[in-house]
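Enquirer: prediction below, plus the sequence it came from.
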Amino acid sequence: MKFNTKTIHGGQEPDIAYGAVMPPIYQTTTYAQSTPGGHKGYEYSRGANPTRNALESAFASLENGNYGLAFGSGLAAIDAVLKLLKPGDEVLSTNELYGGSYRLFTSIYKKFGIKFHFVNMQDIGNIEAYINENTKLLWVETPTNPMMSIIDIKACSVIAKKHNLLLAVDNTFATPYLQQPLSLGADIVMHSATKYLGGHSDVVMGGLIVKDKKLADSLYFIQNSSGAICGPHDSFLVLRGIKTLHVRMQRHCENGKAVAEYLANHPKIEKVYWPGFEDHPNHLVAKLQMKDFGGMVSFSTKGNNYEEAIKIVEKLKIFTLAESLGGVESLAGHPASMTHVSVPKEEREKMGILDSLIRLSVGIEDISDLIADLKQAIN
(Lines give C-alpha, C1' and ligand atoms only; values in the text may rest on other atoms or scores of the structure.)
Protein backbone atom coordinates (compact mmCIF):
# COMPACT_ATOMS: atom_id res chain seq x y z
CA MET A 1 0.00 0.00 0.00
CA LYS A 2 1.44 3.38 -1.03
CA PHE A 3 1.77 6.15 1.56
CA ASN A 4 -1.05 8.34 0.23
CA THR A 5 -3.39 5.36 0.52
CA LYS A 6 -2.08 4.48 3.97
CA THR A 7 -3.11 7.86 5.35
CA ILE A 8 -6.73 6.95 4.61
CA HIS A 9 -6.79 3.16 4.99
CA GLY A 10 -3.60 2.15 6.80
CA GLY A 11 -4.27 0.01 9.87
CA GLN A 12 -8.00 0.68 9.59
CA GLU A 13 -11.03 -1.59 9.17
CA PRO A 14 -14.74 -0.73 9.22
CA ASP A 15 -16.17 -0.87 12.74
CA ILE A 16 -17.25 -4.41 13.58
CA ALA A 17 -20.54 -3.34 15.21
CA TYR A 18 -22.24 -1.46 12.38
CA GLY A 19 -19.61 -1.08 9.67
CA ALA A 20 -18.83 2.58 10.39
CA VAL A 21 -16.14 3.79 7.98
CA MET A 22 -14.68 6.20 10.55
CA PRO A 23 -13.82 4.56 13.89
CA PRO A 24 -16.55 5.55 16.38
CA ILE A 25 -15.70 7.55 19.49
CA TYR A 26 -15.93 5.00 22.28
CA GLN A 27 -16.50 7.51 25.05
CA THR A 28 -16.41 5.00 27.88
CA THR A 29 -14.17 4.20 30.82
CA THR A 30 -15.14 0.57 31.32
CA TYR A 31 -16.58 -2.45 29.49
CA ALA A 32 -19.12 -5.13 30.48
CA GLN A 33 -17.77 -8.58 31.30
CA SER A 34 -19.75 -11.82 31.11
CA THR A 35 -17.63 -13.32 33.89
CA PRO A 36 -14.53 -12.02 35.70
CA GLY A 37 -11.93 -11.74 32.96
CA GLY A 38 -14.47 -12.62 30.28
CA HIS A 39 -14.62 -9.66 27.92
CA LYS A 40 -14.37 -8.70 24.24
CA GLY A 41 -10.82 -7.43 24.38
CA TYR A 42 -11.39 -4.34 26.50
CA GLU A 43 -11.62 -3.94 30.27
CA TYR A 44 -10.72 -0.36 31.20
CA SER A 45 -9.90 2.53 28.89
CA ARG A 46 -6.59 3.46 30.45
CA GLY A 47 -5.25 0.13 29.21
CA ALA A 48 -7.02 0.10 25.86
CA ASN A 49 -9.83 1.86 24.03
CA PRO A 50 -11.11 0.98 20.53
CA THR A 51 -10.81 4.53 19.19
CA ARG A 52 -7.30 4.94 20.57
CA ASN A 53 -6.31 1.51 19.25
CA ALA A 54 -7.49 2.51 15.77
CA LEU A 55 -5.24 5.58 15.96
CA GLU A 56 -2.31 3.53 17.25
CA SER A 57 -2.72 1.16 14.29
CA ALA A 58 -2.68 4.15 11.95
CA PHE A 59 0.50 5.46 13.60
CA ALA A 60 2.21 2.10 13.06
CA SER A 61 1.10 1.90 9.44
CA LEU A 62 2.35 5.39 8.54
CA GLU A 63 5.83 4.76 9.99
CA ASN A 64 6.20 1.18 8.67
CA GLY A 65 6.15 -0.05 12.27
CA ASN A 66 4.39 -2.94 13.94
CA TYR A 67 3.19 -1.23 17.12
CA GLY A 68 1.89 2.26 17.89
CA LEU A 69 1.16 3.99 21.18
CA ALA A 70 -0.77 7.23 21.69
CA PHE A 71 -0.19 9.55 24.65
CA GLY A 72 -1.70 12.71 26.08
CA SER A 73 1.14 14.84 24.62
CA GLY A 74 4.45 14.58 22.82
CA LEU A 75 6.28 15.11 26.10
CA ALA A 76 4.30 12.27 27.68
CA ALA A 77 5.53 10.05 24.84
CA ILE A 78 9.15 11.12 25.45
CA ASP A 79 8.63 10.56 29.18
CA ALA A 80 7.63 6.95 28.47
CA VAL A 81 10.84 6.35 26.51
CA LEU A 82 12.95 7.74 29.36
CA LYS A 83 11.17 5.40 31.77
CA LEU A 84 12.90 2.53 29.98
CA LEU A 85 16.09 3.75 31.69
CA LYS A 86 17.39 3.45 35.24
CA PRO A 87 19.58 5.65 37.49
CA GLY A 88 23.13 5.74 36.21
CA ASP A 89 22.18 5.34 32.56
CA GLU A 90 23.34 7.93 30.05
CA VAL A 91 21.66 9.49 27.02
CA LEU A 92 23.29 11.15 24.03
CA SER A 93 20.97 13.82 22.68
CA THR A 94 20.98 16.24 19.80
CA ASN A 95 22.43 19.53 21.05
CA GLU A 96 19.80 21.49 19.11
CA LEU A 97 16.67 20.32 20.83
CA TYR A 98 13.07 21.37 21.34
CA GLY A 99 12.90 23.38 24.58
CA GLY A 100 10.32 21.10 26.18
CA SER A 101 12.51 18.04 25.58
CA TYR A 102 15.51 19.87 27.03
CA ARG A 103 13.47 20.84 30.11
CA LEU A 104 12.25 17.26 30.62
CA PHE A 105 15.80 15.91 30.33
CA THR A 106 17.57 18.46 32.51
CA SER A 107 14.92 19.49 35.07
CA ILE A 108 13.15 16.18 35.64
CA TYR A 109 15.22 13.14 34.72
CA LYS A 110 18.65 14.52 35.56
CA LYS A 111 17.70 14.58 39.27
CA PHE A 112 16.72 10.90 39.03
CA GLY A 113 20.28 9.98 38.10
CA ILE A 114 20.04 9.94 34.29
CA LYS A 115 22.99 11.70 32.68
CA PHE A 116 22.53 13.61 29.42
CA HIS A 117 25.16 14.66 26.90
CA PHE A 118 24.11 17.22 24.29
CA VAL A 119 26.16 16.53 21.18
CA ASN A 120 26.46 18.21 17.78
CA MET A 121 25.21 15.24 15.79
CA GLN A 122 25.37 17.02 12.46
CA ASP A 123 28.91 15.66 12.42
CA ILE A 124 28.40 11.95 13.05
CA GLY A 125 32.04 11.68 14.08
CA ASN A 126 31.24 13.53 17.32
CA ILE A 127 28.98 10.83 18.72
CA GLU A 128 31.21 7.88 19.63
CA ALA A 129 33.50 9.97 21.85
CA TYR A 130 30.62 10.26 24.36
CA ILE A 131 29.63 6.58 24.39
CA ASN A 132 30.59 4.46 27.40
CA GLU A 133 29.29 1.37 29.20
CA ASN A 134 26.46 3.41 30.76
CA THR A 135 25.14 4.82 27.48
CA LYS A 136 21.75 3.35 26.63
CA LEU A 137 19.94 5.76 24.31
CA LEU A 138 20.61 8.04 21.35
CA TRP A 139 17.94 10.75 21.10
CA VAL A 140 17.85 12.36 17.65
CA GLU A 141 15.73 15.25 16.42
CA THR A 142 15.88 15.90 12.67
CA PRO A 143 15.19 18.45 11.32
CA THR A 144 15.94 20.17 14.60
CA ASN A 145 13.74 22.78 16.25
CA PRO A 146 14.19 25.62 15.35
CA MET A 147 17.50 25.57 13.45
CA MET A 148 16.41 22.94 10.88
CA SER A 149 19.69 21.05 11.26
CA ILE A 150 19.83 17.63 9.61
CA ILE A 151 21.19 14.49 11.26
CA ASP A 152 21.97 11.30 9.35
CA ILE A 153 19.58 8.72 10.82
CA LYS A 154 21.10 5.75 9.00
CA ALA A 155 24.60 6.64 10.23
CA CYS A 156 23.26 7.01 13.79
CA SER A 157 21.68 3.57 13.44
CA VAL A 158 25.03 2.03 12.55
CA ILE A 159 26.57 3.52 15.70
CA ALA A 160 23.61 2.49 17.88
CA LYS A 161 23.74 -1.11 16.69
CA LYS A 162 27.52 -1.25 17.11
CA HIS A 163 27.19 -0.25 20.77
CA ASN A 164 23.85 -1.97 21.50
CA LEU A 165 22.00 1.32 22.08
CA LEU A 166 18.41 2.28 21.46
CA LEU A 167 17.98 4.91 18.74
CA ALA A 168 14.93 7.16 19.11
CA VAL A 169 14.04 9.80 16.52
CA ASP A 170 11.73 12.76 17.01
CA ASN A 171 10.06 12.87 13.58
CA THR A 172 7.64 15.71 14.35
CA PHE A 173 8.97 18.26 11.85
CA ALA A 174 9.35 15.84 8.93
CA THR A 175 6.29 13.64 9.51
CA PRO A 176 6.17 10.13 8.03
CA TYR A 177 5.18 11.73 4.71
CA LEU A 178 8.73 13.07 4.35
CA GLN A 179 10.84 10.70 6.45
CA GLN A 180 10.44 7.23 7.98
CA PRO A 181 13.13 6.64 10.63
CA LEU A 182 12.27 2.99 11.34
CA SER A 183 13.09 2.19 7.72
CA LEU A 184 16.43 3.96 8.24
CA GLY A 185 17.32 1.82 11.28
CA ALA A 186 15.77 3.63 14.25
CA ASP A 187 14.20 1.63 17.09
CA ILE A 188 11.65 4.22 18.22
CA VAL A 189 9.91 7.06 16.40
CA MET A 190 8.28 9.85 18.41
CA HIS A 191 5.71 12.36 17.19
CA SER A 192 4.09 15.34 18.75
CA ALA A 193 0.84 14.49 16.99
CA THR A 194 -0.37 17.91 18.11
CA LYS A 195 1.47 19.21 15.09
CA TYR A 196 1.26 17.89 11.51
CA LEU A 197 -0.47 14.57 12.23
CA GLY A 198 -3.44 16.31 13.82
CA GLY A 199 -2.91 19.25 11.52
CA HIS A 200 -5.71 21.54 12.70
CA SER A 201 -4.43 23.04 15.98
CA ASP A 202 -7.29 21.49 17.96
CA VAL A 203 -5.74 18.61 19.89
CA VAL A 204 -2.66 17.89 22.05
CA MET A 205 -1.22 14.39 21.63
CA GLY A 206 1.96 12.32 21.33
CA GLY A 207 2.82 9.04 19.67
CA LEU A 208 5.48 6.33 19.67
CA ILE A 209 6.02 3.71 16.96
CA VAL A 210 8.30 0.66 17.13
CA LYS A 211 8.89 -2.60 15.28
CA ASP A 212 10.20 -4.84 18.08
CA LYS A 213 7.58 -6.67 20.18
CA LYS A 214 9.66 -6.81 23.37
CA LEU A 215 10.26 -3.06 23.21
CA ALA A 216 6.59 -2.47 22.44
CA ASP A 217 5.51 -4.57 25.41
CA SER A 218 7.77 -2.55 27.72
CA LEU A 219 6.31 0.71 26.43
CA TYR A 220 2.72 -0.54 26.64
CA PHE A 221 3.38 -1.50 30.27
CA ILE A 222 4.70 2.01 30.97
CA GLN A 223 1.76 3.58 29.12
CA ASN A 224 -0.80 1.66 31.17
CA SER A 225 1.07 1.96 34.47
CA SER A 226 1.76 5.69 34.20
CA GLY A 227 -1.57 6.50 32.57
CA ALA A 228 -0.51 9.39 30.33
CA ILE A 229 -2.99 8.35 27.65
CA CYS A 230 -5.06 10.42 25.23
CA GLY A 231 -8.85 10.36 25.23
CA PRO A 232 -11.09 8.79 22.58
CA HIS A 233 -12.32 12.10 21.17
CA ASP A 234 -8.76 13.36 20.73
CA SER A 235 -7.91 10.04 19.07
CA PHE A 236 -10.80 10.56 16.64
CA LEU A 237 -9.60 14.08 15.79
CA VAL A 238 -6.06 12.92 14.98
CA LEU A 239 -7.39 9.99 12.93
CA ARG A 240 -9.40 12.52 10.94
CA GLY A 241 -6.35 14.75 10.54
CA ILE A 242 -4.14 11.90 9.30
CA LYS A 243 -6.51 11.26 6.38
CA THR A 244 -5.40 14.54 4.76
CA LEU A 245 -1.75 14.45 5.88
CA HIS A 246 -0.42 13.73 2.40
CA VAL A 247 -2.28 16.56 0.64
CA ARG A 248 -1.53 19.02 3.44
CA MET A 249 2.18 18.18 3.44
CA GLN A 250 2.41 18.72 -0.30
CA ARG A 251 1.16 22.29 0.15
CA HIS A 252 3.25 22.88 3.29
CA CYS A 253 6.35 21.92 1.29
CA GLU A 254 5.42 24.08 -1.71
CA ASN A 255 4.67 27.11 0.44
CA GLY A 256 7.69 26.53 2.67
CA LYS A 257 10.00 26.56 -0.36
CA ALA A 258 8.49 29.79 -1.67
CA VAL A 259 8.74 31.52 1.72
CA ALA A 260 12.34 30.39 2.23
CA GLU A 261 13.37 31.67 -1.20
CA TYR A 262 11.61 35.00 -0.67
CA LEU A 263 13.34 35.54 2.68
CA ALA A 264 16.74 34.48 1.33
CA ASN A 265 16.56 37.28 -1.22
CA HIS A 266 15.36 39.96 1.19
CA PRO A 267 17.98 42.65 1.98
CA LYS A 268 16.91 42.91 5.64
CA ILE A 269 17.32 39.19 6.37
CA GLU A 270 20.67 37.90 7.59
CA LYS A 271 20.16 34.14 7.37
CA VAL A 272 17.44 31.66 6.42
CA TYR A 273 17.39 28.12 7.81
CA TRP A 274 15.66 25.64 5.50
CA PRO A 275 17.12 22.24 4.55
CA GLY A 276 16.17 22.61 0.88
CA PHE A 277 18.97 25.10 0.20
CA GLU A 278 22.06 23.53 -1.36
CA ASP A 279 24.30 25.39 1.11
CA HIS A 280 22.30 24.21 4.13
CA PRO A 281 24.52 21.97 6.31
CA ASN A 282 23.87 18.30 5.50
CA HIS A 283 21.59 19.23 2.59
CA LEU A 284 22.70 16.06 0.79
CA VAL A 285 21.70 13.96 3.79
CA ALA A 286 18.30 15.64 3.77
CA LYS A 287 17.90 14.81 0.08
CA LEU A 288 18.63 11.14 0.78
CA GLN A 289 16.47 10.60 3.86
CA MET A 290 13.61 13.03 3.18
CA LYS A 291 11.08 13.11 0.35
CA ASP A 292 10.92 16.93 0.44
CA PHE A 293 12.05 19.69 2.81
CA GLY A 294 8.94 20.58 4.79
CA GLY A 295 7.09 23.71 5.79
CA MET A 296 9.23 24.89 8.70
CA VAL A 297 11.49 27.90 8.03
CA SER A 298 13.55 29.96 10.48
CA PHE A 299 15.29 33.24 9.77
CA SER A 300 17.22 35.98 11.54
CA THR A 301 17.29 39.70 10.90
CA LYS A 302 20.52 41.57 10.31
CA GLY A 303 22.45 42.72 13.36
CA ASN A 304 20.89 40.22 15.78
CA ASN A 305 18.33 42.88 16.69
CA TYR A 306 15.81 41.64 19.26
CA GLU A 307 13.54 44.67 18.91
CA GLU A 308 13.41 44.29 15.13
CA ALA A 309 12.43 40.62 15.40
CA ILE A 310 9.66 41.43 17.89
CA LYS A 311 8.32 44.19 15.63
CA ILE A 312 8.12 41.77 12.71
CA VAL A 313 6.17 39.06 14.56
CA GLU A 314 3.84 41.66 16.06
CA LYS A 315 3.07 43.18 12.63
CA LEU A 316 2.22 39.89 10.91
CA LYS A 317 -1.46 39.57 10.05
CA ILE A 318 -1.96 36.21 8.29
CA PHE A 319 0.86 34.50 10.17
CA THR A 320 -0.44 34.23 13.75
CA LEU A 321 2.00 34.87 16.60
CA ALA A 322 1.53 31.70 18.61
CA GLU A 323 3.17 28.60 20.05
CA SER A 324 3.07 25.28 18.19
CA LEU A 325 3.31 24.41 14.50
CA GLY A 326 2.05 22.07 11.82
CA GLY A 327 -1.52 23.32 11.51
CA VAL A 328 -3.23 24.38 8.31
CA GLU A 329 -2.79 28.01 9.37
CA SER A 330 0.56 29.77 9.27
CA LEU A 331 2.16 30.56 12.62
CA ALA A 332 5.15 32.66 13.64
CA GLY A 333 7.15 32.35 16.83
CA HIS A 334 10.14 33.89 18.59
CA PRO A 335 12.00 30.84 19.96
CA ALA A 336 14.19 32.74 22.46
CA SER A 337 11.15 34.02 24.33
CA MET A 338 8.63 31.29 23.49
CA THR A 339 9.43 27.64 22.67
CA HIS A 340 13.02 27.73 23.99
CA VAL A 341 12.71 30.13 26.91
CA SER A 342 13.40 27.18 29.26
CA VAL A 343 16.88 26.80 27.71
CA PRO A 344 19.48 29.10 29.34
CA LYS A 345 20.50 31.98 27.07
CA GLU A 346 24.11 30.79 26.88
CA GLU A 347 22.97 27.32 25.76
CA ARG A 348 20.45 28.81 23.30
CA GLU A 349 23.12 30.87 21.63
CA LYS A 350 25.40 27.84 21.33
CA MET A 351 22.57 26.26 19.34
CA GLY A 352 22.31 29.37 17.17
CA ILE A 353 19.03 30.50 18.70
CA LEU A 354 19.76 34.21 18.76
CA ASP A 355 17.38 36.92 19.96
CA SER A 356 16.78 37.89 16.33
CA LEU A 357 15.62 34.42 15.26
CA ILE A 358 12.04 33.95 14.06
CA ARG A 359 10.50 30.53 13.36
CA LEU A 360 7.71 30.12 10.82
CA SER A 361 5.30 27.24 10.46
CA VAL A 362 4.19 27.85 6.90
CA GLY A 363 0.56 26.83 6.43
CA ILE A 364 -1.50 25.96 3.38
CA GLU A 365 -2.96 29.39 2.59
CA ASP A 366 -2.46 31.05 -0.79
CA ILE A 367 1.26 31.69 -1.13
CA SER A 368 0.79 35.21 -2.52
CA ASP A 369 -1.00 36.23 0.68
CA LEU A 370 1.76 34.75 2.84
CA ILE A 371 4.51 36.53 0.90
CA ALA A 372 2.60 39.82 1.03
CA ASP A 373 2.19 39.44 4.80
CA LEU A 374 5.92 38.87 5.30
CA LYS A 375 6.73 41.78 3.01
CA GLN A 376 4.58 44.28 4.93
CA ALA A 377 5.83 43.07 8.32
CA ILE A 378 9.52 43.16 7.42
CA ASN A 379 9.40 46.40 5.47
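Expert: Structure received.
Enquirer: kindly provide the distance from the nearest residue to residue 163 once chain neighbours are set aside to residue 122.
Expert: Leaving out its chain neighbours, the residue that sits closest to residue 163 by CB to CB, 6 or more residues apart in numbering is residue 131, at 5.3 Å. Where C-beta positions appear, they are placed from N, C-alpha and C, glycine not excepted. Plainly put, residue 131 is 17 Å away from residue 122 if you go by CB to CB, to the nearest Å.
Enquirer: check residue 193 too.
Expert: 26 Å.
Enquirer: these two: which has the busier surroundings?
Expert: Legend: neighbour count by other CB atoms under 10 Å for residue 193 and residue 122, higher for residue 193 (31 against 19).
Enquirer: which residues touch that one?
Expert: Listed by CB atoms under 8 Å, 6 or more residues apart in numbering, the contact set of residue 193 reads 59, 70, 74, 203, 205, 206, 207, 238.
Enquirer: just the pLDDT at the third one, thanks.
Expert: What that stands for is residue 74. Per-residue pLDDT puts residue 74 at 98.
Enquirer: what's the neighbour count on it?
Expert: Residue 74 has 24 nearby residues by other CB under 10 Å.
Enquirer: ok, what's across the strand from the closest residue to it other than its chain neighbours?
Expert: Distances taken as CB to CB, 6+ apart put residue 192 closest to residue 74, at 3.0 Å, once the chain neighbours are dropped. Beta-bridge partners for residue 192, by DSSP bridges, are residue 206.
Enquirer: pretty sure residue 192 sits against residue 172.
Expert: Yes. Under the criterion of CB atoms under 8 Å, residue 192 makes contact with residue 172 at 4.6 Å.
Enquirer: helix or strand for residue 59, which one?
Expert: helix 50-62 (DSSP states H and E).
Enquirer: got the angle for the helix or strand that that helix is followed by vs helix 50-62?
Expert: Proceeding N to C from helix 50-62, the next assigned helix or strand is strand 67-71, under DSSP H and E. Put simply, strand 67-71 runs at 130 degrees to helix 50-62, going by axes from the mean of the first three to the mean of the last three CA atoms, to 10 degrees.
Enquirer: tell me the SS of residue 197?
Expert: For residue 197, the secondary-structure state derived from DSSP: H, G, I helix; E, B strand; the rest coil is coil.
Enquirer: residues contacting it?
Expert: Residues in contact with residue 197 (CB under 8 Å, 6+ apart) are 175, 191, 205, 207, 238, 241, 242, 245, 326.
Enquirer: in a markdown table: these, plus pLDDT and distance to residue 165.
Expert: Formatted as a markdown table, the contacts of residue 197 follow (pLDDT from 0 to 100; distance: CB to CB, whole Å):
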| residue | pLDDT | distance to residue 165 |
| --- | --- | --- |
| 175 | 98 | 25 |
| 191 | 98 | 21 |
| 205 | 98 | 27 |
| 207 | 98 | 22 |
| 238 | 98 | 30 |
| 241 | 98 | 33 |
| 242 | 98 | 30 |
| 245 | 98 | 30 |
| 326 | 98 | 29 |
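Enquirer: please indicate which of those residues are buried?
Expert: 175, 191, 205, 207, 238, 241, 242, 245, 326 (16 or more other CB atoms under 10 Å).
Enquirer: now do the buried residues in the lengthiest helix in the chain.
Expert: In the chain, taking DSSP state H as the definition, the longest helix is helix 245-264. Buried residues in helix 245-264, counted by 16+ other CB under 10 Å: 245-246, 248-249, 251-253, 255-263.
Enquirer: cool, stretch 268-276 as well?
Expert: Buried positions in stretch 268-276, judged by neighbour count with 16+ other CB under 10 Å: 269, 272, 273, 274, 275, 276.
Enquirer: try stretch 65-81
Expert: 65, 67-81.
Enquirer: mind checking how far residue 107 is from residue 100?
Expert: In terms of CB to CB, residue 107 sits 10 Å off from residue 100.
Enquirer: who has more neighbours, the two?
Expert: The neighbour count for residue 107 versus residue 100, taken as other CB under 10 Å, is higher for residue 100 (18 against 10).
Enquirer: what's the closest non-adjacent residue to that one?
Expert: For residue 100, ignoring the flanking residues on the chain, the nearest one in space by CB to CB, 6+ apart is residue 75 at 5.4 Å.
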